[in-house]
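K.L.:
coords please:
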Amino acid sequence: MRRLRNVKIVATLGPASSDYQMIRALFEAGADVFRLNMSHGTHAEQKARHDIIRQIEADTGRPIAILADLQGPKLRVGTFTAPSHDLVEGQKFRFDLDKAEGDATRVNLPHPEIFAALEPGASLLINDGKIRAVVDDCGPDFANCTITIPGTISNRKGVNVPDVVLPLAALSDKDRSDLEFACELGVDWLALSFVQRPEDVTEARALAKGRASILSKIEKPAAVKAFDEILKVSDGIMVARGDLGVELPVHSVPPIQKRLVRKCRAAAKPVIVATQMLESMIESPMPTRAEVSDVATAIYEGADAVMLSAESAAGKYPIEAVATMDNVAKSVESDPTYREVIEASRGGRRETVADGIVSAAREIAETTAIKAICCYTQTGKTVALVARERPRVPIIALSPLDGTLRKLCLTWGVHNVKTGQVERFKEAVVNAARAAREHGFADETNQIVVTAGVPFNVEGTTNILRVAPCDERLIFRTDPE
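P.N.:
Predicted structure coming up:
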């Protein structure tokens, strides 16, 4: 089940992908991480999908990561007396806390937090930005607006407020319940929606209590502004371009994407590029050329993973969508220009022994006939540092910890192998050589680089690098101790 690419594929599960046969087919087509969207489906349905993934993991002997994506607070207008109303440009329209049904002049907006943050000149975006209303005057329970982008408004359409930081927590009551459920279930990653400030992330981390890694979704202008601080307290990032494209001018999203991906790579933290990557494949077995180019761009930028949403959750062609991403990735990564772009963007501060070890491992691997870089790891941090280097050879992560290996399924270029606890470095080298041979990365005539920390099984002690043969007889001959 070795992947012939470095970028990882995240596939969302849903009504179109809920049984063993389909999820197994998605895994075999190339999915490395499965996303459970907590916005849809019951806890019982999500548990059933979780259990199937873990069964496939056991059946294939390969770690698989599960990401639970929390919904976040949903801001919506109330209901209307009529099915819908057409709002025209220049028209006056009022949002308020009055629970009475709306009409062509007003509607309930049951979120006092919005009114508390609004000020004249701010925008309200309705129905994914299809309608824009600019605030003329406002108070603690109302906002009188002028419609600047007309459209049709109807019951419970979503509301975005791009110009202000809302005094809303990223976690609703539903999110807290879902977070506890997902952690007890044993998911590997939690995706946090509606992040505006680093405090949103630290709150989720306190609730998770180390049971899952925290991935922050960047979908608000406030999150873009505070990105450096959010990145510091996050384990990973998702560039959620859907809401970003609603709340910001669409032409600003590509440079933001590129900037965020580079910052994540410099910090050695995985980053997913998500939303509308192969949108047309919800209905069509073939993507558009623009969509293929979009996926390719994210891969050229050095993203750790690209994600499918409705394409695999509710589309007609989920397997084809995963296979398309897999083929695009293999095509891009075989292009000489890809290596030029990746290596030109190599960065990140090197301040520790581990930084020096992984940098040396990459340089040795690229200047000699090394077949793989093998890393013994407890937490995955050293593996992430190696992945930051974007080496030309595969990265093999070896760990006795299922949770560490599953988490690393989201990290660029990493092949995960479970191994037993080791006490001596020679034992680590032997296990690495066996893993490289058994998983098709090398044969007995080849060499590998092995990194580890002594003493073993202690976090943060990476301090050894060795070039080793894949022939165990040579290992014992050269290292009898």
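K.L.:
any idea which element Gly302 lies in?
P.N.:
Under the criterion of DSSP states H and E, Gly302 resides outside all helices and strands.
K.L.:
ok, and the helix or strand in this protein with the lowest average confidence?
P.N.:
None of the helices or strands of the chain scores lower by mean pLDDT, DSSP states H and E than helix 472-478, at a mean of 73.
K.L.:
Using CSV, write out the CA atom coordinates for it.
P.N.:
Extracted as CSV, the C-alpha positions of helix 472-478 are listed here (Å, rounded to 0.1, in the frame of the first residue of the first chain):
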residue,chain,number,x,y,z
GLU,A,472,21.3,-6.9,8.3
ARG,A,473,24.5,-9.0,8.1
LEU,A,474,26.5,-5.9,7.4
ILE,A,475,24.8,-4.1,10.3
PHE,A,476,25.9,-6.7,12.7
ARG,A,477,29.3,-7.0,11.2
THR,A,478,30.0,-3.2,11.5
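K.L.:
Tell me where the chain is predicted with low confidence.
P.N.:
By pLDDT under 70, the low-scoring segments of the chain are 1, 348-349, 460, 477-481.
K.L.:
can I see the domain layout of it?
P.N.:
What automatic domain parsing lists as the domains of the chain is 8-72+170-332, 84-160, 353-478.
K.L.:
List the contacts of the residue nearest to Ser39 when sequence neighbours are not counted.
P.N.:
Nearest residue to Ser39, sequence neighbours excluded (C-beta to C-beta, 6 or more residues apart in numbering): Gln71, at 4.2 Å. For glycine as for every other residue, the C-beta is placed from the backbone atoms N, C-alpha and C. Applying C-beta atoms under 8 Å, 6 or more residues apart in numbering, we find Gln71 in contact with Met38, Ser39, Ser172, Lys174, Asp175, Asp178, Ser193.
K.L.:
Quick check: which element contains Glu444?
P.N.:
Using DSSP H and E, no helix or strand contains Glu444.
K.L.:
Surely Ile23 touches His50?
P.N.:
No: using C-beta atoms under 8 Å, Ile23 is not in contact with His50; the gap is 10.5 Å.
K.L.:
more crowded one of those two?
P.N.:
Using other C-beta atoms under 10 Å, the more surrounded residue of Ile23 and His50 is Ile23, with 23 against 19.
K.L.:
where does that one land in three-state SS?
P.N.:
Secondary structure assignment for Ile23 (DSSP: H, G, I helix; E, B strand; the rest coil): helix.
K.L.:
contacting residues around the spatially closest residue to Pro63 that is not a sequence neighbour?
P.N.:
Distance criterion C-beta to C-beta, 6+ apart; nearest residue to Pro63, sequence neighbours excluded, is Leu405 at 4.1 Å. Taking C-beta under 8 Å, 6+ apart, we find Leu405 in contact with Pro63, Ala397, Ser399, Asn416, Val417, Lys418.
K.L.:
Turn these into CSV, columns for distance to Lys381, neighbour count and secondary structure.
P.N.:
As requested, the contacts of Leu405 are exported to CSV (distance: C-beta to C-beta, whole Å; neighbours: other C-beta atoms under 10 Å; DSSP: H, G, I helix; E, B strand; the rest coil):
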residue, distance to Lys381, neighbour count, secondary structure
Pro63, 17, 23, coil
Ala397, 11, 30, strand
Ser399, 11, 23, strand
Asn416, 15, 27, strand
Val417, 17, 20, strand
Lys418, 18, 16, strand
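K.L.:
Let's have those in a markdown table, adding distance to Arg156.
P.N.:
Formatted as a markdown table, the contacts of Leu405 follow (distance: C-beta to C-beta, whole Å):
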| residue | distance to Arg156 |
| --- | --- |
| Pro63 | 40 |
| Ala397 | 45 |
| Ser399 | 46 |
| Asn416 | 43 |
| Val417 | 49 |
| Lys418 | 47 |
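K.L.:
any idea which helix or strand carries the spatially closest residue to Tyr300 that is not a sequence neighbour?
P.N.:
Excluding the flanking residues, the one nearest Tyr300 by C-beta to C-beta, 6+ apart is Val341, at 5.3 Å. Val341 is part of helix 336-344 when elements are defined by DSSP H and E.
K.L.:
what's the answer for Val134, then?
P.N.:
Counting by DSSP H and E, Val134 is part of strand 131-139.
K.L.:
List of residues touching that strand?
P.N.:
Applying C-beta under 8 Å, 6+ apart, the set of residues contacting strand 131-139 is 87, 92-93, 95, 115, 118-126, 143-153.
K.L.:
now swap in stretch 161-169 and tell me
P.N.:
Taking C-beta under 8 Å, 6+ apart as the rule, stretch 161-169 contacts 73, 75, 111, 113-114, 116-119, 121-125, 194, 196-197, 200, 203, 220-222, 246-248.
K.L.:
chain center to it: distance?
P.N.:
23 Å (C-alpha atoms, centre = their mean, to the nearest Å).
K.L.:
buried set for that stretch?
P.N.:
For stretch 161-169, the neighbour count (16 or more other C-beta atoms under 10 Å) marks Val161, Pro162, Asp163, Val164, Leu166, Leu168, Ala169 as buried.
K.L.:
Can you show me the CA trace of that stretch as PDB?
P.N.:
Extracted C-alpha coordinates of stretch 161-169, given in PDB (Å, rounded to 0.1, in the frame of the first residue of the first chain):
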ATOM      1  CA  VAL A 161     -19.700  39.400   9.100                       C
ATOM      2  CA  PRO A 162     -16.200  40.000   7.500                       C
ATOM      3  CA  ASP A 163     -15.300  43.400   8.800                       C
ATOM      4  CA  VAL A 164     -15.300  42.900  12.600                       C
ATOM      5  CA  VAL A 165     -14.100  40.300  15.200                       C
ATOM      6  CA  LEU A 166     -17.200  38.900  16.600                       C
ATOM      7  CA  PRO A 167     -17.400  38.300  20.400                       C
ATOM      8  CA  LEU A 168     -18.300  34.700  19.800                       C
ATOM      9  CA  ALA A 169     -16.400  31.600  21.000                       C
END
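K.L.:
Relative to Ser345, which of the domains of the chain is closest?
P.N.:
Across these, Ser345 has its closest neighbour in domain 8-72+170-332 (6.1 Å, C-beta to C-beta).
K.L.:
what about Leu166, which SS state?
P.N.:
coil.
K.L.:
Roughly how far does it sit from Asp200?
P.N.:
11 Å (C-beta to C-beta, to the nearest Å).
K.L.:
And Glu89, by the same measure?
P.N.:
As judged by C-beta to C-beta, Glu89 and Asp200 stand 36 Å apart.
K.L.:
Between those two, which has more neighbouring residues?
P.N.:
Neighbours per residue (other C-beta under 10 Å) separate Glu89 from Asp200, with Asp200 holding more: 27 against 11.
K.L.:
quick one, what contacts that one?
P.N.:
Ala169, Ala170, Leu171, Leu192, Phe194, Ser216.
K.L.:
Now do the helices in the stretch 51-200 of the chain.
P.N.:
Assigned by DSSP state H, counting those that start in this stretch, the stretch 51-200 of the chain shows helices spanning 112-117, 173-185, 198-208.
K.L.:
wait, which of those is closest to Lys157?
P.N.:
Proximity of the helices of the stretch 51-200 of the chain to Lys157 was assessed by C-beta to C-beta; the nearest stretch is helix 112-117, lying at 14.3 Å.
K.L.:
Show me how far that closest one is from its chain's centre.
P.N.:
30 Å.
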